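# Need a 3D model of the sequence below.
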Amino acid sequence: MLAIIKTGGKQYIVKPGDKLKVEKLDKKEGEAFYFSDVLLVEKNKKIEIGTPLVKAEVQAKVVSHGKGDKIIVYKYKPKKRESRKIGHRQPYTEIEIIGIK
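As a prediction, this is how the structure comes out:
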């Protein structure tokens with residue numbers, strides 16, 4: 001069983017038991033919820049493609065929240081003695097896929 005879901009402006013291929021990091025969601029740790037934006041479902045070697053969505057739900061559970069690795073952004077303007085160094089850590093939510101309905 002396989003599905004493609006859309007969350008945070010990105011698409012993910014998921015199957016039951018997968019753990020993945022997605023853009024931060026407003027859910028508490030341990031909370032179970034459903035993804036309703038399902039684009040494709042593969043069940044018993046039959047593929048159902050949505051136009052644009054399939055009538056299916058993917059159940060997931062929040063494992064943890066966190067921040068990604070730091071990315072350094074350095075801006076520099078030549079001949080002006082002007083520079084700026086900025087760091088950024090993108091927040092994420094780690095989820096575990098429980099099942100596909």
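# For the nearest residue to V54 once chain neighbours are set aside, name its beta-bridge partners.
Nearest residue to V54, sequence neighbours excluded (C-beta to C-beta, 6 or more residues apart in numbering): V38, at 4.8 Å. C-beta here means a position set from N, CA and C on the backbone, and glycine is covered the same way. With DSSP bridges applied, V38 shows beta-bridge pairing to I5.
# Check whether V38 really touches I5, as I assumed.
Yes - if you go by C-beta atoms under 8 Å, V38 and I5 touch, sitting 5.7 Å apart.
# Check the contact lists of these two and give me the overlap.
Counting by C-beta atoms under 8 Å, 6 or more residues apart in numbering, the contacts common to V38 and I5 are V58.
# which ones are touching the residue nearest to E48 when sequence neighbours are not counted?
Once flanking residues are discounted, E48 sits nearest to V41: 4.8 Å by C-beta to C-beta, 6+ apart. By C-beta under 8 Å, 6+ apart, the contact set of V41 is 1-3, 47-48, 54, 56, 100.
# What's the PyMOL line that selects buried ones from those?
The PyMOL command for the buried members of the contacts of V41 (criterion: 16 or more other C-beta atoms under 10 Å) is given here:
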select buried, resi 3+54+56+100
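# from the contacts of V41, which has minimum pLDDT?
By pLDDT, M1 ranks lowest within the contacts of V41, coming in at 89.
# Quick check: that one vs R89, distance?
Computed as C-beta to C-beta, to the nearest Å, the M1 to R89 distance reads 34 Å.
# Sticking with the residue nearest to the spatial centre of the chain, tell me its helix or strand.
Centroid check for the chain by C-alpha atoms, centre = their mean gives V22 as the closest residue, at 2.5 Å. V22 is part of strand 19-23, with elements assigned from DSSP states H and E.
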